[in-house]
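# Take a look and give me a structure for this.
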Amino acid sequence: MLEAIRRAVSFLRQKQILHKLGVVISVAVIGIACYVLYHMLRGIDFNEVIEAIKSTEPSQIAMAALFVAAGYFTLTFYDLFAVRAIGHTHVPYRVNALAAFTSYSIGHNVGASVFTGGAVRYRIYSAYGLNAIDVAKICFLAGLTFWLGNAAVLGLGISYHPEAAAAIDQMPPWLNRTLAMMILVALIGYVVWVWTQPRVVGRGPWTVVLPGGPLTLLQVAIGIIDLGFCALAMYVLVPDEPNLGFVVVAVIFVSATLLGFASHSPGGLGVFDAAMLVGLWQMDREELLGGMLLFRVLYYLSPFVISVILLTFREVIIGARSKRLQQAALKLDPGPAREAAYVRERSDSGA
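Residues are numbered from 1 along each chain as shown. Okay, the predicted model is just below:
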């Protein structure tokens, strides 16, 4: 069975069917979201949206910012786990934290996070001897943690409150609950599968040993905590009335996030917003939109600015350190430097 699946996936890759299908899905999601968003925003009084933002209590914003910070702190363990899993235990946690924070915050805003986040990770981890294949493995394992956490949150949340997902997918609650149960069964099956014996994916230098059962449970826990903090930040900022409860907001939030991720648009722009407006239709649209804008500032814009500043300072420090090392080398052995200067002088004089 597994061999048949591998052959099917290999065939689809050779024919580039998966790539074409991904593009079609992304375009379709963005197109539908734009249509829905256009109709949802008609009649919106943007002055009321501004007033809703202004009337938000500072304590609410501070609490949401705290939850966002906790979420990004949890993200650092995505990279810590992945780097340790591929055997590079010499990389310190502070480097894992920097790579995770900057790659995710930039990837979230620029879009195509697999490539943008991977480029940021490579720039940071290459200083510690990791190559492009190592970084690709880190991205794979970090992504696996993300998807395992999403599967657990959606499976548990929709099983408990299937009506929450029905607001977005427009399917009957019983069908949503059935699908959620199937997700949980698949998740449990995966845990059992990796628990029984070591499992390997990929070929040659791209081979990745999947984390075993206990480590997979740790991955699930990391993903759940990360999504939980993010959902709490959103829950604090949405209108108080009607009080739908945290589980409903969390299910809709995670569903909207996944749709935004599938669209590959920067920050899920348009897609995430349309799904939230549709899913939380009971709430005042102006107040909800104001809360969503605040969430974007806290979760997307602020970390992006901080990441750019951190990476800029890092490059300046690395450049200054490299220059000092070159100067020290010249003092210890000036011969090669003088020879290079002589060659340049002869070249400039046309000799």
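
# Tell me the spacing between the residue nearest to residue 169 when sequence neighbours are not counted and residue 162.
In space, and not counting its chain neighbours, residue 169 is closest to residue 176: 7.0 Å by C-beta to C-beta, 6 or more residues apart in numbering. Every C-beta, even on glycine, is put in place using the N, C-alpha and C of the backbone. Remark: distance between residue 176 and residue 162 (C-beta to C-beta, to the nearest Å) = 4 Å.

# Can you pull out the residues in contact with the helix or strand containing residue 248?
Using DSSP states H and E, residue 248 sits in helix 246-263. Contact partners of helix 246-263, identified using C-beta atoms under 8 Å, 6 or more residues apart in numbering, comprise 25-26, 29-30, 33, 113, 150, 153-154, 157-158, 160-161, 163-165, 167-169, 227-228, 230-232, 234-235, 238, 267-273, 275-276, 279-280.

# could you give the angle of the strand or helix carrying residue 220 to helix 246-263?
Per DSSP H and E, residue 220 falls inside helix 213-237. Put simply, helix 213-237 runs at 110 degrees to helix 246-263, going by axes from the mean of the first three to the mean of the last three C-alpha atoms, to 10 degrees.

# And helix 213-237, what's buried?
216, 219-237 (16 or more other C-beta atoms under 10 Å).

# What of stretch 106-120?
Buried residues in stretch 106-120, defined by neighbour count with 16+ other C-beta under 10 Å: 106-111, 113, 116-118, 120.

# Could you state which residue of the chain sits nearest its centroid?
Ranked by distance to the mean C-alpha position of the chain (C-alpha atoms, centre = their mean), the top residue is residue 104 at 5.1 Å.

# Determine the set of other helices and strands touching the lengthiest helix in the chain.
For the chain, the longest helix by residue count, based on DSSP state H, is helix 302-332. Applying 3 or more C-beta pairs under 8 Å, 6 or more residues apart in numbering; DSSP states H and E, we find helix 302-332 packed against helix 93-110, helix 113-125.

# mean pLDDT for those helices: which is lowest?
The minimum mean pLDDT among the helices and strands packed on helix 302-332 belongs to helix 113-125 (a mean of 85).

# Kindly calculate the angle that that one makes with helix 302-332.
Between helix 113-125 and helix 302-332, the angle comes out at 30 degrees (the same axes, to 10 degrees).

# 49 is where my numbering starts, stick with that
Yep, numbering from 49; the last one is helix 161-173 now.

# State the phi and psi torsions of residue 219.
Here is the backbone geometry of residue 219 (degrees, to the nearest 10): phi -100, psi 150.

# correction: residue 248
Torsion angles, degrees, to the nearest 10, at residue 248: phi -130, psi 140.

# for residue 139, same thing?
phi -80, psi 120.

# What is the neighbour count of it?
With neighbours defined by other C-beta atoms under 10 Å, the count for residue 139 comes to 21.

# show me what contacts it?
So residue 139 contacts 131, 173, 176, 178 (C-beta under 8 Å, 6+ apart).

# out of the residues you listed, which are buried?
When these are checked against 16+ other C-beta under 10 Å, the ones flagged as buried are 131, 173, 178.

# Can you tell me how far the second one is from residue 230?
This points to residue 173. 37 Å.

# Confirm for me that the residue nearest to the centre of the chain is in contact with residue 124.
No. Counting by C-beta atoms under 8 Å, residue 152 stays clear of residue 124, with 9.4 Å between them.

# okay, the helix holding residue 296 in PDB with CA atoms only?
Only the C-alpha atoms of helix 294-311 are listed here, as PDB (Å, rounded to 0.1, in the frame of the first residue of the first chain):
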ATOM      1  CA  PHE A 294     -13.000  30.400  23.100                       C
ATOM      2  CA  VAL A 295     -13.400  27.000  21.300                       C
ATOM      3  CA  VAL A 296     -15.600  28.500  18.600                       C
ATOM      4  CA  VAL A 297     -13.200  31.400  18.000                       C
ATOM      5  CA  ALA A 298     -10.200  29.100  18.100                       C
ATOM      6  CA  VAL A 299     -11.700  26.700  15.500                       C
ATOM      7  CA  ILE A 300     -12.600  29.500  13.100                       C
ATOM      8  CA  PHE A 301      -9.200  31.200  13.700                       C
ATOM      9  CA  VAL A 302      -7.200  28.000  12.900                       C
ATOM     10  CA  SER A 303      -9.400  27.200   9.900                       C
ATOM     11  CA  ALA A 304      -9.000  30.800   8.600                       C
ATOM     12  CA  THR A 305      -5.200  30.500   9.100                       C
ATOM     13  CA  LEU A 306      -5.000  27.300   7.200                       C
ATOM     14  CA  LEU A 307      -7.000  28.800   4.300                       C
ATOM     15  CA  GLY A 308      -4.600  31.800   4.300                       C
ATOM     16  CA  PHE A 309      -1.700  29.400   4.300                       C
ATOM     17  CA  ALA A 310      -3.100  27.400   1.400                       C
ATOM     18  CA  SER A 311      -3.500  30.700  -0.700                       C
END
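
# And that helix, how far out from the chain middle?
Here helix 294-311 is found 13 Å from its chain centre; the criterion is C-alpha atoms, centre = their mean, to the nearest Å.

# which residues of the protein score low on pLDDT?
Within the chain, the ranges that satisfy pLDDT under 70 run 49-91, 159-160, 311-315, 378, 380-399.

# and the helix holding residue 296, which residues are buried?
Quick answer for helix 294-311 (16+ other C-beta under 10 Å): 295-311.

# which is the next helix or strand following it?
helix 319-327.

# got a list of contacts for the following helix or strand past that following helix?
Counting by DSSP H and E, the element after helix 319-327 in chain order, helix or strand, is helix 333-344. Contacts to helix 333-344, defined as C-beta under 8 Å, 6+ apart, come from residues 88, 92-93, 96-101, 104, 109, 112, 281-282, 285-287, 315, 321, 324-325, 328.
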